[in-house]
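J.: Got a predicted model here, sequence first, then my questions.
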Amino acid sequence: MPTEPRSHAGIAVISRLPPVATLSSTSTLHADTSNRVPWPRPYTTRASPTSPPSALPNPPTATPPLASERSAGSAPARGVRCYRGQASEPGSQSQSQSQRVTLKNGGDSLDICRVLNGMWQTGGGWGRIDRDDAADAMLRHADAGLSTFDMADHYGPAEDLYGIFINRVRRERPPEFLEKIRGLTKWVPPPVKMTSGFVREAINVSRKRMDVASLDMLQFHWWDYSNPGYLDALKHLTDLKEEGKIKTVALTNFDTERLQIILDHEIPVVSNQVQHSIIDMRPQQKMAELCQLTGVKLITYGTVMGGLLSEKFLDTNLAIPFAGPPLNTPSLQKYKRMVDAWGGWSQFQAVLQTLKKVASKHGVKIPTVAVKYILDQPAVAGSMIGVRLGLSEHIKDSNDIFSLVLDEEDVASIQEVSKRGRDLLKVIENWRMMAKCGLILLSLMGAACFLAVHLKLRMVAAPEFYGGAMENYGLIIYREDKMLHDELQSTAAKKQRAKNFLPPT
């Protein structure tokens with residue numbers, strides 16, 4: 001449990017967090033890239049707000065990009081800039097049977113698998129990942145039709161793993177198989193001046209790591225809305241798209257107000273990746289309405305809440321020490337805090353029991369029902385399921401989503417139990433009110449909200465934090481040794497790494 005923050009060089013430091021497991025193996029990829037075992041090939045570097053500039057593999061020269069389909073967009077109407085969306089809505093009966101969906105805005109389009117393989121789990125805290133085992137697992141997912149992979153510049157070696165995987169696809173699978181593979185990545189820059197050169201350099205690093213001439217999708221994130229630099233960055237990304245270095249531009253974790261501003265500036269984003277689950281229905285309050293008007297689609301993460309929405313946690317009592325499954329990954333810890341904010345573990349058990357009843361009726365598992373319910377929501381094109389490459393797999397359960405059809409009784413029962421909890425939008429607003437009153441919250445999520453909203457902090461260093469970084473309410477929590485250094489004891493490389501985390505003063 002974190003205690004009151006202390007500041008150091010403009011960074012808040014939270015004390016007494018759980019220790020992180022040490023990852024060490026010569027055949028293992030590390031999220032803690034300061035300890036990464038070198039691969040036998042050249043290196044390049046990247047500076048990112050959520051991962052230090054580190055040794056990253058330098059893949060071979062990229063192959064030519066695949067051709068993108070082009071079509072004309074629609075004209076604006078009713079004061080909202082509208083764009084033509086996909087042919088059928090994700091929630092329609094015909095679409096529910098389809099594995100793929102097309103994201104579209106004007107002349108830009110990209111078809112993806114509706115169930116995406118999320119690669120946050122490669123970033124550390126979920127267990128050791130062997131690169132060859134990971135590539136084998138990615139091939140198994142693609143062979144099963146789960147051919148869209150979501151990653152980010154700061155997800156440890158995720159982009160590098162994709163580069164290894166895509167080269168194996170080129171060597172070991174026919175050309176028509178390669179055409180179905182999609183690699184979606186994210187760029188999460190610090191809120192500094194967004195020049196054309198800065199943006200271009202960052203995108204070139206991702207292209208090199210993923211070993212592609214053109215990124216299928218670049219999903220852009222921005223931390224500080226008071227800094228309008230996100231519009232400059234998106235315009236530069238659009239220029240790179242016109243040059244063929246990016247096929248589609250998208251967003252991640254943007255709110256409804258900023259999405260409208262971006263569309264008003266005629267930036268052709270095709271999707272916005274947001275947190276969305278049966279517990280967290282916030283995107284359906286405002287965001288989905290705007291998306292339906294404009295044709296922008298939602299890609300959701302946190303849909304199975306790191307595994308909490310599963311049989312593993314049914315009929316468990318986490319209030320009793322060691323009585324239930326351990327919350328031993330960053331995602332389980334994050335989404336357990338969401339459960340606490342929504343209504344608590346007892347209420348959550350009612351959700352699991354309802355989902356289990358529906359799952360048993362259809363001969364599937366709880367996560368399958370949880371994802372299908374969100375895929376059927378307005379404006380949702382795809383949902384993420386995290387993959388622990390080489391460690392565990394849920395390929396059959398993921399494919400069961402495509403054949404599952406929830407009837408009216410199923411939907412009504414899930415809606416009823418989902419609405420028993422608190423409205424998370426109101427919960428967040430209440431936290432803001434308490435922060436204004438000077439009330440310090442003790443939970444990590446509450447502390448993040450307080451530090452971000454009341455103290456206007458955007459970065460926090462936490463000793464022995466599980467992941468390399470985690471975001472809550474616009475605040476990034478980093479592992480302390482990634483950001484702080486000792487002038488007398490630290491190496492020059494560590495000083496430079498810490499310096500690159502901080503925006504210019």
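T.: All right, it came through fine. Treat the numbers as computed from the prediction; the structure is a model and nothing was measured. Residues are numbered from 1 along each chain as shown.

J.: my read: residue 250 touches residue 272, true?
T.: Yes - in this structure, residue 250 is within contact of residue 272 by C-beta atoms under 8 Å, at 6.8 Å. Every residue, glycine included, has its C-beta placed from N, CA and C.

J.: quick one: residue 383 is in a helix?
T.: No - looking at residue 383 with DSSP: H, G, I helix; E, B strand; the rest coil, it is strand, so not inside a helix.

J.: Mind listing the shared neighbours of residue 250 and residue 272?
T.: By C-beta atoms under 8 Å, 6 or more residues apart in numbering, residue 250 and residue 272 have these common neighbours: residue 299.

J.: Which strands or helices does the host helix or strand of residue 250 pack on?
T.: Assigned by DSSP states H and E, residue 250 belongs to strand 246-252. Identification of packing neighbours for strand 246-252 by 3 or more C-beta pairs under 8 Å, 6 or more residues apart in numbering; DSSP states H and E yields strand 100-105, strand 108-113, strand 215-220, helix 229-242, strand 269-275.

J.: Tell me what angle it forms with helix 229-242.
T.: With axes from the mean of the first three to the mean of the last three C-alpha atoms, to 10 degrees defining the directions, strand 246-252 sits at 160 degrees from helix 229-242.

J.: which outside residues touch strand 246-252?
T.: Residues contacting strand 246-252 (C-beta under 8 Å, 6+ apart): 65-66, 68, 103, 105, 108-110, 184, 186, 203, 214-221, 234, 237-238, 240-241, 259, 262, 267-274, 299.

J.: So, low pLDDT: which residues of the protein?
T.: 1-97, 124-127, 390, 431-487, 489, 494, 497-505 (pLDDT under 70).

J.: Buried ones in the lengthiest helix in it, by neighbour count?
T.: The residue-count maximum for a helix in the chain (DSSP state H) belongs to helix 345-362. Using 16 or more other C-beta atoms under 10 Å as the test for burial, helix 345-362 gives 345, 348-349, 351-352, 354-356, 358-359, 362.

J.: Among those residues, which one lies nearest to residue 286?
T.: residue 351 (23.4 Å; C-beta to C-beta).

J.: For the closest one, list the residues it contacts.
T.: Applying C-beta under 8 Å, 6+ apart to residue 351 gives the contacts 278-279, 309, 417-418.

J.: quick check, nearest of those residues to residue 397?
T.: residue 309 (11.8 Å).

J.: any idea which element that closest one lies in?
T.: Taking DSSP H and E as the definition, residue 309 sits outside all helices and strands.

J.: Please tell me how far the residue nearest to it when sequence neighbours are not counted sits from residue 345.
T.: In space, not counting the residues next to it along the chain, residue 309 is nearest to residue 370; the distance is 4.3 Å by C-beta to C-beta, 6 or more residues apart in numbering. Relative to residue 345, residue 370 is positioned 17 Å away (criterion: C-beta to C-beta, to the nearest Å).

J.: And residue 146, by the same measure?
T.: Note on residue 146: its distance to residue 345, by C-beta to C-beta, is 31 Å.

J.: PyMOL command for the buried members of the contacts of strand 246-252?
T.: Selection of buried members from the contacts of strand 246-252 for PyMOL, criterion 16+ other C-beta under 10 Å:
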select buried, resi 65+103+105+108+109+110+184+186+203+214+215+216+217+218+219+220+221+234+237+238+240+241+259+262+267+268+269+270+271+272+273+274+299
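
J.: re the thing from before, could you give the number of residues near the residue nearest to residue 309?
T.: Neighbour count for residue 370, taken as other C-beta atoms under 10 Å: 28.

J.: Then residue 416?
T.: Residue 416: 11 surrounding residues under other C-beta under 10 Å.

J.: cool, and the one 4 residues further on?
T.: Applying other C-beta under 10 Å, we find 13 residues neighbouring residue 420.

J.: Spatially nearest residue to it (excluding sequence neighbours)?
T.: Nearest non-adjacent residue to residue 420 (C-beta to C-beta, 6+ apart): residue 347, at 5.8 Å.

J.: need the helices for the stretch 351-500 of the chain, in chain order.
T.: Using DSSP state H, counting those that start in this stretch, the helices found in the stretch 351-500 of the chain span residues 366-375, 395-403, 408-418, 424-436, 444-453, 480-483, 492-501.

J.: Give me the contacts around the second one.
T.: Okay, so that is helix 395-403. With contact meaning C-beta under 8 Å, 6+ apart, helix 395-403 is reached by 96-99, 114-115, 140-141, 144-146, 364-365, 367-368, 371-372, 375, 385.

J.: sorry, back to before: which of the contacts of residue 351 has the most neighbours?
T.: residue 309 (28 neighbours).

J.: quick one: contacts for that residue?
T.: Going by C-beta under 8 Å, 6+ apart, residue 309 touches 277-279, 303, 351-352, 355, 366-367, 370.

J.: where's it relative to residue 211, distance?
T.: 34 Å.

J.: What about residue 156? Give its phi and psi, please.
T.: Here is the backbone geometry of residue 156 (degrees, to the nearest 10): phi 50, psi -130.

J.: Touching, it and residue 120? I think so.
T.: No - here residue 156 does not reach residue 120: they are 9.0 Å apart, not a contact under C-beta under 8 Å.

J.: Neighbour count: those two, which is higher?
T.: residue 156 (28 against 25).

J.: re the thing from before, pull the CA atoms of the longest helix of the chain into PDB?
T.: In PDB, the C-alpha atoms belonging to helix 345-362 read as follows (Å, rounded to 0.1, in the frame of the first residue of the first chain):
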ATOM      1  CA  TRP A 345     -15.600  -8.000  -4.500                       C
ATOM      2  CA  SER A 346     -19.000  -9.200  -3.300                       C
ATOM      3  CA  GLN A 347     -20.700  -7.300  -6.000                       C
ATOM      4  CA  PHE A 348     -18.200  -8.600  -8.500                       C
ATOM      5  CA  GLN A 349     -19.000 -12.200  -7.500                       C
ATOM      6  CA  ALA A 350     -22.600 -11.600  -8.600                       C
ATOM      7  CA  VAL A 351     -21.200 -10.600 -12.000                       C
ATOM      8  CA  LEU A 352     -19.100 -13.700 -12.300                       C
ATOM      9  CA  GLN A 353     -22.100 -15.900 -11.300                       C
ATOM     10  CA  THR A 354     -24.300 -14.300 -13.900                       C
ATOM     11  CA  LEU A 355     -21.600 -14.700 -16.600                       C
ATOM     12  CA  LYS A 356     -21.000 -18.300 -15.500                       C
ATOM     13  CA  LYS A 357     -24.700 -19.100 -16.000                       C
ATOM     14  CA  VAL A 358     -24.700 -17.600 -19.500                       C
ATOM     15  CA  ALA A 359     -21.400 -19.400 -20.300                       C
ATOM     16  CA  SER A 360     -22.700 -22.800 -19.200                       C
ATOM     17  CA  LYS A 361     -25.900 -22.300 -21.200                       C
ATOM     18  CA  HIS A 362     -23.800 -21.800 -24.400                       C
END
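
J.: between that helix and helix 395-403, how big is the angle?
T.: Going by the same axes, to 10 degrees, helix 345-362 makes 70 degrees with helix 395-403.
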